[in-house]
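**Student:** below is the sequence, then the predicted model.
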Amino acid sequence: MKTTVFFLAFFLFTTISALLYPQDIIYAKNGAVIEGKIIEVNDNIIKYKRKDLPNGPSYSIDKVSISKVQYSNGKIEIYDTPFSNNENNKNDNSDDSLYKTKNNIIGYDVAQFFYISVGIAYERFFGKDNQFSFRIPISVGFNYIGEPDNIIVNDNSTSLYYSGNNQPSYYIYQNGKLAGGAIEFNYYPLGIKRFSYFVGPYFEYGIFAYKIRRYVSEYQNVYGYPQIVTNPVVSGLRYDGQHIAGGITNGFLFHFNKIFTLTGTFGLGLKKDETAIAGERVLTQARFNLIFGIKF
């Protein structure tokens with residue numbers, strides 16, 4: 001009789017507890033079913049109390065390991081398709097949610113080699129599903145060592161141009177670069193995936209070194225006859241100019257895995273290289289970056 005009463009009381013207690021304290025259920029991709037009480041959900045993990053240890057320690061599980069969660073109020077949240085027992089799928093990086101768990105990239109810009117510079121870049125993601133970011137590339141130039149470019153000014157005209165073997169590319173960046181930096185605001189219209197496209201505006205600033213070579217016209221006797229001869233007068237002083245640019249960047253972000261990335265950018269815009277000489281032109285500009293990065 002006592003045994004029957006004990007089992008009846010235990011059954012009633014269990015039933016009442018289940019009704020008064022309903023449990024959340026976590027379904028893992030490996031087939032495990034976890035009953036308990038979810039106490040916290042953040043971007044990467046779910047924390048919970050086990051059903052059999054309601055007053056015990058808190059446990060956590062990565063979201064990428066979960067297929068769905070059924071809450072005690074009946075709500076169901078789907079995280080991914082059920083886990084496959086195929087061993088190859090265990091290391092499959094096709095789950096795009098893997099690439100949204102980290103919000104920062106820092107990398108080395110190998111494209112700066114073409115500017116005779118070294119550069120690094122930092123990118124920070126924000127917004128829903130990390131669809132927005134800003135990137136700050138900075139670089140230090142070395143092609144001003146020795147003789148900087150000569151800016152030639154002709155007294156007979158207001159135009160100016162460059163001379164010498166170090167003819168600069170008007171449409172990329174001024175030769176004689178000392179340092180440069182930019183800020184880019186990027187939008188990923190298709191979200192963050194293994195391969196993602198982005199677009200956005202950029203603003204760029206830098207400083208460069210130059211010398212001035214002025215051509216002065218004067219009368220000289222040539223073979224006994226007076227003629228106008230233009231002679232170069234080279235300033236021995238080195239000046240610093242500033243480079244200002246802005247435009248639109250297009251690019252891609254490729255994830256080798258959750259940590260290592262490759263970013264390529266190509267921008268088109270307008271630039272002006274300001275010097276001590278009046279009359280600089282506003283020109284079209286092309287810029288590019290190729291950044292090997294680490295995501296953290």
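**Tutor:** Yes, it's here. All figures in this text were calculated on a predicted structure; none of them were measured in a lab.

**Student:** wait, G241 sits on K272?
**Tutor:** No - look at G241 against K272 with C-beta atoms under 8 Å: they stay out of range, at 10.0 Å. All C-beta atoms are positioned from the backbone trio N, CA, C, and that covers glycine.

**Student:** where do the strands sit along the stretch 1-150 of the chain?
**Tutor:** Along the stretch 1-150 of the chain, counting by DSSP state E, counting those that start in this stretch, strands occupy 24-28, 33-41, 45-50, 59-62, 66-70, 76-78, 104-109, 117-126, 132-141, 149-154.

**Student:** out of these, which gets nearest to A182?
**Tutor:** strand 132-141 (5.4 Å; C-beta to C-beta).

**Student:** TSV please, covering the strands of the stretch 1-150 of the chain and showing mean neighbour count, distance to T263 and mean pLDDT.
**Tutor:** Conversion of those to TSV gives the following (neighbours: other C-beta atoms under 10 Å; distance: least, C-beta to C-beta, whole Å; pLDDT from 0 to 100):
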stretch	mean neighbour count	distance to T263	mean pLDDT
strand 24-28	19	34	89
strand 33-41	14	31	89
strand 45-50	18	28	89
strand 59-62	14	26	89
strand 66-70	18	30	89
strand 76-78	10	31	86
strand 104-109	18	7	97
strand 117-126	18	7	95
strand 132-141	19	8	95
strand 149-154	20	30	56
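
**Student:** and of these, who's closest to L98?
**Tutor:** Among the strands of the stretch 1-150 of the chain, strand 59-62 sits nearest to L98 (C-beta to C-beta), with 10.1 Å.

**Student:** can you redo the strands of the stretch 1-150 of the chain as a markdown table with distance to Q285?
**Tutor:** Shown next, in a markdown table, are the strands of the stretch 1-150 of the chain (distance: least, C-beta to C-beta, whole Å):
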| stretch | distance to Q285 |
| --- | --- |
| strand 24-28 | 52 |
| strand 33-41 | 46 |
| strand 45-50 | 45 |
| strand 59-62 | 45 |
| strand 66-70 | 48 |
| strand 76-78 | 47 |
| strand 104-109 | 17 |
| strand 117-126 | 16 |
| strand 132-141 | 15 |
| strand 149-154 | 17 |
